[in-house]
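K.L.:
Give me a 3D structure for the following:
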Amino acid sequence: MLNTSKQWRLFRLACQFFTRIPVGNIADFQETDLNQATRYFSLVGLLVAAILSAVFSILVTFFPVNLAVVLLLIVSVLLTGAFHEDGLADMADGIGGGYTISSRLAIMKDSRLGTYGAISLFLVMLLKYVVLVHLANAALIIFSLFLAHACSRAIAASLIIDTPYVSEESDSKSKPLAQQQTQKDCLFVLLVAVVPFFFLPNVLFSFTFVISLLFTLYIFRVLFRRWLIARIGGFTGDCLGACQQLVELIIYLLIVAFAIGGVK
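P.N.:
Numbering: from 1, shown residues only. Predicted coordinates for the structure are as follows:
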């Protein structure tokens, strides 16, 4: 029988780990709790998307679309504490600047921002701004936020189940995520990510779009996983954050391509 109080506790823990949303004190924390909380990653994505959608709906009544999108990106960073963006920057610095696995891991855990990280962050945020402006003008930004934030976290979480965990830090805060991951947890996180597909807007309501999106995400996951194993031997918490950012951007780009760019 489902223990609702335990599941609520795990969901709150996932929110606490990945966002700055106040969830109250969670007593008697254990590493295994965080591992079990991975099942709620995509649900946290839906919560983040809901907050951002509400914020954008308010912002766009007072400001032009482009300014509202900039403010939305600021709110997004504040809401998550730039958790995933930091992972992207650290991964880019480590893999871009290191020549051996040990040197790459050492650079990744360095808190200083390097050239590769700065460039990656700038380009990703710039692309997000451009595509979100297009999506807002096409009245697709709300749906896009829900789809992108849920699916991106689901793809990132799915890497845990079949990719080796590597880190030079014995006390890494992401280490518990890599332990005792179950197929049931992975299935749940993927099923939650499917929910936005039931609300496809008419302009995207096509077999071609859905198959293209799923195929693209699958190919990205396969190639990204192989690339991580080849470069550092597996994944770190930073790599999961980078995966989330990249998949989020890929989803925005595909929506723009199909709904605005004329891809059929």
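K.L.:
Near Tyr218, how many other residues are there?
P.N.:
Applying other Cβ atoms under 10 Å, we find 11 residues neighbouring Tyr218. C-beta coordinates here come from the backbone N, C-alpha and C atoms, glycine included.
K.L.:
Report how many residues lie close to Gly241.
P.N.:
24.
K.L.:
contacting residues for it?
P.N.:
Contacts here follow Cβ atoms under 8 Å, 6 or more residues apart in numbering; on that basis Gly241 touches Phe83, His84, Glu85, Asp86, Gly87, Leu88, Asp90, Met91, Ala156.
K.L.:
and the last one, what helix or strand is that in?
P.N.:
Using DSSP states H and E, Ala156 falls within helix 141-162.
K.L.:
Buried residues in that helix, which are they?
P.N.:
Across helix 141-162, burial judged by 16 or more other Cβ atoms under 10 Å covers 141-160.
K.L.:
Same question for stretch 110-120.
P.N.:
Neighbour counts over stretch 110-120 (16+ other Cβ under 10 Å) mark Gly114, Tyr116, Gly117, Ser120 as buried.
K.L.:
Can you give me the first-to-last residue distance of that stretch?
P.N.:
Across stretch 110-120, the terminal residues are separated by 16 Å (Cα to Cα, to the nearest Å).
K.L.:
got the contact list for it?
P.N.:
Leu88, Ala89, Asp90, Ala92, Asp93, Ile95, Gly96, Gly97, Ile107.
K.L.:
now, among those, which is nearest to Val263?
P.N.:
Leu88 (26.5 Å; Cβ to Cβ).
K.L.:
Just say helix, strand or coil for that closest one.
P.N.:
Following DSSP: H, G, I helix; E, B strand; the rest coil, the label given to Leu88 is helix.
K.L.:
picking up where we left off before, which helices and strands does the helix holding Ala156 pack with?
P.N.:
Applying 3 or more Cβ pairs under 8 Å, 6 or more residues apart in numbering; DSSP states H and E, we find helix 141-162 packed against helix 41-59, helix 115-137, helix 183-194, helix 207-232, helix 237-259.
K.L.:
Please identify the most buried of the ones you listed.
P.N.:
Greatest average neighbour count among the helices and strands packed on helix 141-162 goes to helix 237-259 (a mean of 23), per mean count of other Cβ atoms under 10 Å.
K.L.:
From Thr32, how far out is the nearest residue to Cys186 once chain neighbours are set aside?
P.N.:
Nearest residue to Cys186, sequence neighbours excluded (Cβ to Cβ, 6 or more residues apart in numbering): Ile161, at 4.8 Å. Look at Ile161 and Thr32: by Cβ to Cβ, to the nearest Å, they are 16 Å apart.
K.L.:
now swap in Ile74 and tell me
P.N.:
35 Å.
K.L.:
Got the phi and psi for Phe235?
P.N.:
Reported as degrees, to the nearest 10, the phi and psi values for Phe235 are phi -120, psi 160.
K.L.:
Quick check, it in contact with Tyr165.
P.N.:
Yes. Contact criterion Cβ atoms under 8 Å: Phe235 and Tyr165 qualify, at 6.2 Å.
K.L.:
residues in contact with Val131?
P.N.:
Leu249, Tyr252, Leu253, Ile255, Val256.
K.L.:
repeat that for 10 Å
P.N.:
Residues counted as contacts of Val131 (Cβ atoms under 10 Å, 6 or more residues apart in numbering) are 69, 141, 144, 148, 249, 251-257, 260.
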